[in-house]
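> any chance you can model this:
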Amino acid sequence: MSATSLRRARASSVNGLDAPPPSALLLPTGGMGILVGPPIAGHRDGRDFLIEFADWRITGAAADVTLHAEDALSKLAITIQLSIAADVLRAA
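Next up is the predicted model:
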């Protein structure tokens, strides 16, 4: 293997993600390795710029569900309401 090939192999393993990001996400964030603009943004004067919601709570029934999570470090919270009617998923 040439020196160039070795450098390329090493760079991709060192600088790459440990695992590929999921292909289908309801709320992709930078902490998951998604490198496009986030669907939501929150800031605290430049601190805690990566949002990582955890401890998801789910309430509701089969056709109407509410998801709630918090990021304790950045002190941000999110609530997502999902409903299904006539085979159409609606998120709010």
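
> could you measure from the nearest residue to residue 85 once chain neighbours are set aside over to residue 82?
Nearest residue to residue 85, sequence neighbours excluded (C-beta to C-beta, 6 or more residues apart in numbering): residue 63, at 7.1 Å. In short, each C-beta sits where N, CA and C put it, glycine included. From residue 63 across to residue 82, the span is 9 Å (C-beta to C-beta, to the nearest Å).

> between the two, who's got more neighbours?
Between residue 63 and residue 82, counted using other C-beta atoms under 10 Å, the more crowded position is residue 82 (16 against 9).

> what's in contact with the strand ranked longest in the chain?
Assignment by DSSP state E gives strand 76-85 as the longest strand of the chain. Strand 76-85 is contacted by residues 26-27, 40, 42, 51, 53, 62-71, 89-92 when judged by C-beta atoms under 8 Å, 6 or more residues apart in numbering.

> so where is this structure shaky, pLDDT-wise?
Scanning the chain with the threshold set as pLDDT under 70 gives 1-18, 20-24, 29-39, 41-43, 48-49.

> which residue ranges of it form helices?
Remark: helices assigned in the chain by DSSP state H are 3-15.

> quick one, strands of it?
With DSSP E as the criterion, the chain has strands spanning 54-60, 64-71, 76-85, 88-91.

> for those strands, give me JSON lines that also has distance to residue 19.
What follows is those, written out as JSON lines (distance: least, C-beta to C-beta, whole Å):
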{"stretch": "strand 54-60", "distance to residue 19": "18"}
{"stretch": "strand 64-71", "distance to residue 19": "21"}
{"stretch": "strand 76-85", "distance to residue 19": "24"}
{"stretch": "strand 88-91", "distance to residue 19": "26"}
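
> report the beta-bridge partners for residue 66.
Residue 66 has the following beta-bridge partners by DSSP bridges: residue 59, residue 81.

> right, I mislabeled it, should have said residue 91
Beta-bridge partners for residue 91, by DSSP bridges, are residue 82.

> that one touches residue 26, doesn't it?
Yes. Residue 91 sits in contact with residue 26 when judged by C-beta atoms under 8 Å, with a separation of 7.4 Å.

> show me how to select, in PyMOL, the buried members of the contacts of strand 76-85.
Only the buried entries of the contacts of strand 76-85 go into this PyMOL selection, using 16 or more other C-beta atoms under 10 Å:
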select buried, resi 27+51+53+67+69+71
